[in-house]
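Undergrad: the sequence isn't on hand, but the structure is:
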């Protein structure tokens, strides 16, 4: 079973990621544990709504978090795709999902993210991370805490440093 | 000057440890080239033509003498004995060893310096007015706000992987010396009728391939909202800025494509969500930042008698008079002056300074100017608070050290990027062009007769030498492997910002001194009483210049 980092541990990746599709109506969504593309969710929302808490949805980097403004709450998981690790749109998407659209479930970074981004990803609200092939996940966990202090308010620390300075 | 507290100190130390780990993983082959690239860039480390180049941040251009001496030490021990003042007030080292860069960063951290986000697609070092706090045309000292913005932008978790680099400049004076109109975000500190402090916000300015003057999207943003408003702007850019073409990825392209009004609407809508949230500045924080820039312990000086002494010294010593006239600037406090140290003597790459010069500048600053120094975007240094009655002594001390060349603001005080001698992006060399022009105009009296003139040279269209806003701008271009130089006229930086127009076909390197000479001849011939080069250009247009330059070339 493939592994990933969730919170501060290496765990099995039990979710199945359904690939992007041009025929979202036709996709057969498994009963539980599937992460569907945004367009599949939109096309089959009526059928999927009732089992949302065992369902995941994923946003591509060109899909704004706003697309899930009214729907984010209640999903078992939301994944945000990084087609390349330099494509930083997902950082904003994560904060919006957490801070504006009230998503409290597992927020997962997928695609191409690297160990050295974990600290920022965590600050923006992600709590699970699929790193590339061959990444040493046990060692990578250390990068979740590269810094013990931060200047800005974010998902993990609601107050900027200037409101906390002794 | 701002002093780090335990939090700031901890953050820079943890950064050093993080980068040390990344460098070790890279050297051990555990981190791929393309993955290490943005990580090292976010620590200011480029791989250049000959060696890595390390860009160290000088936040808003302020340095104390402990920092200067540390930079001298780094130049001596890790480099070839010199460094370079960049056009964004930073310090660049041209010859560090990659494996030693973590040690350099550790040395910098000891003196409250870093290279964080001095490069890469992230929010860069915030720049400002080199005369902040000492200029008589200042409305509000911009430095406390610059420091607040520095902290906000440092390791901002959401904005470390933007579509492209992102530069913010802040001015607090009537006359803009921070080039706020040609930055991704330009902030002009203003006061409203009630006397409250706020910001006029410009967005989408920039030089580079597509020079654009920024658009005002907010006439008065109350100071406490500045960080949430910046969050709103950069969030819109992060989500909507183009990522398919790096030449179209700057925020100016987004603002242009969307229209400034529409962009402003989007920012307002985003800001409406963030407004009054925890990122709203507290009065305590504004006070804390302001208290970090206390007024130096100025003495009550007899300005009239100091001036009389200066007049006397000037009449006895014409060389001193020249220096006083060109390199010394008025100060808001009576009896004090700001002194420009010229880093543009002929024969030295503009902005280069050696280890022993840095130490000498530190000694001068300790003796004459409260131990503080400023870097300028014109690639010089400034000692901000020198007593007028000590200027003569200062000049005598500065002259043998090589930075009392009395050419500030003249044609030979030119802005110049490192160019093809160092930079791997460059299409052409720029330093030898600068030198050949400086040699052409080596007569000081003639130079003073020409008057104020900004000549800016960039070795490629990335425009690090700000050629678009030079009265005379020179751009290195590559034509089938050969280096040529395109000339632009009529650019202007500052309050009356304008972008230069291309004169015509490009020239070979050897033609450049004569081309500039011809441009100057036209100006001298056509000028009327009191006109500087740019005034004459604005009055007569480009045609007379073009005619002469290309007539002679035939």
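TA: Here it is on my side, so go on. On a predicted model such as this, the values are computed, not experimentally measured, just so you know.

Undergrad: residues contacting the closest residue to residue A:161 other than its chain neighbours?
TA: With C-beta to C-beta, 6 or more residues apart in numbering or on different chains as the criterion, residue A:161 has its nearest non-adjacent residue at 4.8 Å, and that residue is residue A:151. (C-beta placed from N, C-alpha, C; glycine too.) In this structure, residue A:151 makes contact with A:160, A:161, A:162, B:11, B:151, B:152, B:154, B:155, B:156, judged by C-beta atoms under 8 Å, 6 or more residues apart in numbering or on different chains.

Undergrad: give me the mean pLDDT for the top helix by length along chain B.
TA: Taking DSSP state H as the criterion, chain B has its longest helix at helix B:6-27. Helix B:6-27 carries an average pLDDT of 96.

Undergrad: chain center to it, what's the gap?
TA: 27 Å (C-alpha atoms, centre = their mean, to the nearest Å).

Undergrad: helices or strands up against the next helix or strand after it?
TA: Later in the chain than helix B:6-27, the nearest helix or strand by DSSP states H and E is helix B:33-41. On a contact count with 3 or more C-beta pairs under 8 Å, 6 or more residues apart in numbering or on different chains; DSSP states H and E, helix B:33-41 meets helix B:6-27.

Undergrad: mind listing what's buried in the helix it packs on?
TA: B:7-8, B:11-16, B:18-19, B:21-23, B:25-26 (16 or more other C-beta atoms under 10 Å in any protein chain shown).

Undergrad: among these, which one lies nearest to residue B:267?
TA: Closest approach to residue B:267 among those (C-beta to C-beta): residue B:11, at 28.5 Å.

Undergrad: show me the helices in chain A, by range?
TA: A:38-43, A:45-48, A:89-99, A:118-123, A:137-140.

Undergrad: please name whichever of those is nearest to chain B.
TA: Taking C-beta to the nearest C-beta, helix A:118-123 is the member of the helices of chain A nearest to chain B, at 3.6 Å.

Undergrad: before we move on, what SS does the residue in the stretch 101-250 of chain B positioned nearest to chain A have?
TA: Nearest residue of the stretch 101-250 of chain B to chain A (C-beta to the nearest C-beta) works out as residue B:161 at 2.7 Å. Secondary structure, DSSP: H, G, I helix; E, B strand; the rest coil: residue B:161 is coil.

Undergrad: check whether it really touches residue A:86, as I assumed.
TA: Yes. Between residue B:161 and residue A:86 there is a contact under C-beta atoms under 8 Å: 5.5 Å.

Undergrad: tell me which of the two has more neighbours.
TA: Neighbour totals were compared for residue B:161 and residue A:86, and residue B:161 leads with 23 against 20 (other C-beta atoms under 10 Å in any protein chain shown).

Undergrad: now the more buried one. Nearest residue, chain neighbours left out?
TA: Counting by C-beta to C-beta, 6+ apart, the nearest residue to residue B:161 once its immediate chain neighbours are dropped is residue A:88, at 2.7 Å.

Undergrad: so who does that neighbour touch?
TA: Residue A:88 neighbours (C-beta under 8 Å, 6+ apart): B:121, B:158, B:159, B:160, B:161, B:162, B:238.

Undergrad: got the confidence number for whatever residue of chain A ends up closest to chain B?
TA: At 2.7 Å from chain B, residue A:88 is the closest residue in chain A, using C-beta to the nearest C-beta. pLDDT for residue A:88: 98.

Undergrad: tally of neighbours for residue 163?
TA: Picking chain A for this. 15.

Undergrad: wait, chain B was what I had in mind.
TA: 26.

Undergrad: repeat for residue B:37
TA: Neighbour number of residue B:37 under other C-beta under 10 Å is 17.

Undergrad: now residue B:510: how far from residue B:433?
TA: 10 Å (C-beta to C-beta, to the nearest Å).

Undergrad: oops, could you answer that again for residue A:132 instead?
TA: 46 Å.

Undergrad: neighbour-wise, which of these two wins?
TA: The neighbour comparison of residue A:132 against residue B:433 (other C-beta under 10 Å) goes to residue B:433, with 23 against 13.

Undergrad: please report how far that one lies from chain A.
TA: For residue B:433, the distance to chain A (C-beta to the nearest C-beta, to the nearest Å) stands at 34 Å.

Undergrad: that residue sits in which helix or strand?
TA: helix B:431-440.

Undergrad: neighbouring contacts of the helix or strand just after that helix?
TA: As assigned by DSSP H and E, the chain's next helix or strand after helix B:431-440 is helix B:444-450. With C-beta under 8 Å, 6+ apart as the test, helix B:444-450 has contacts from B:322, B:325-326, B:406-407, B:410-412, B:441, B:520, B:523-524, B:533.

Undergrad: just to revisit the earlier point, okay, the residue nearest to residue A:161: pLDDT?
TA: At residue A:151, pLDDT is 98.
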